[in-house]
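Peer 1: Just to be clear, the model below is a prediction. Sequence and coordinates:
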Amino acid sequence: MPLLNRLKEYRARLGINQQELGKMVGASRQTISSIERGDYSPSIVLALKLAKICEASVEELFQYEEDETDEKNKF
């Protein structure tokens with residue numbers, strides 16, 4: 001998946017679990033877990049909320065990397 005993240009690292013720095021972070025941003029523990037595993041890409045609003053809680057920029061938390069399929073599908 002091309003969206004990489006450092007959410008687990010930042011959450012650990014805050015000393016909170018997935019459930020607590022989920023409550024803080026209005027998401028479920030399962031959503032936070034899916035984001036950390038890279039199975040789910042958050043909405044812009046959720047990414048902004050996570051960045052604010054983590055006292056980081058969205059770019060510090062999330063990084064998009066194009067893969068070969070993206071390059072082939074360019075117009």
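Peer 2: Done, it's in.

Peer 1: can you map out the helices along this protein?
Peer 2: 7-14, 18-25, 29-37, 44-54, 58-61, 68-72 (DSSP state H).

Peer 1: Lowest average pLDDT across these?
Peer 2: Mean pLDDT is lowest for helix 68-72 among these, at a mean of 60.

Peer 1: related to what we said a few turns ago, let me have the helices of the chain in CSV, adding mean neighbour count as columns.
Peer 2: Every C-beta, even on glycine, is put in place using the N, C-alpha and C of the backbone. Listed next are the helices of the chain as CSV, based on neighbours: other C-beta atoms under 10 Å:
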stretch, mean neighbour count
helix 7-14, 15
helix 18-25, 17
helix 29-37, 17
helix 44-54, 16
helix 58-61, 14
helix 68-72, 8
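
Peer 1: what about P42, neighbour count?
Peer 2: Using other C-beta atoms under 10 Å as the criterion, P42 is surrounded by 22 other residues.

Peer 1: How about P2?
Peer 2: 12.

Peer 1: I figured it was touching E65, is that so?
Peer 2: Yes - here P2 reaches E65: they are 5.0 Å apart, a contact under C-beta atoms under 8 Å.

Peer 1: ok, P42 - contacts?
Peer 2: P42 makes contact with T31, I35, L50, F62, according to C-beta atoms under 8 Å, 6 or more residues apart in numbering.

Peer 1: Nice, that's everything, thank you.
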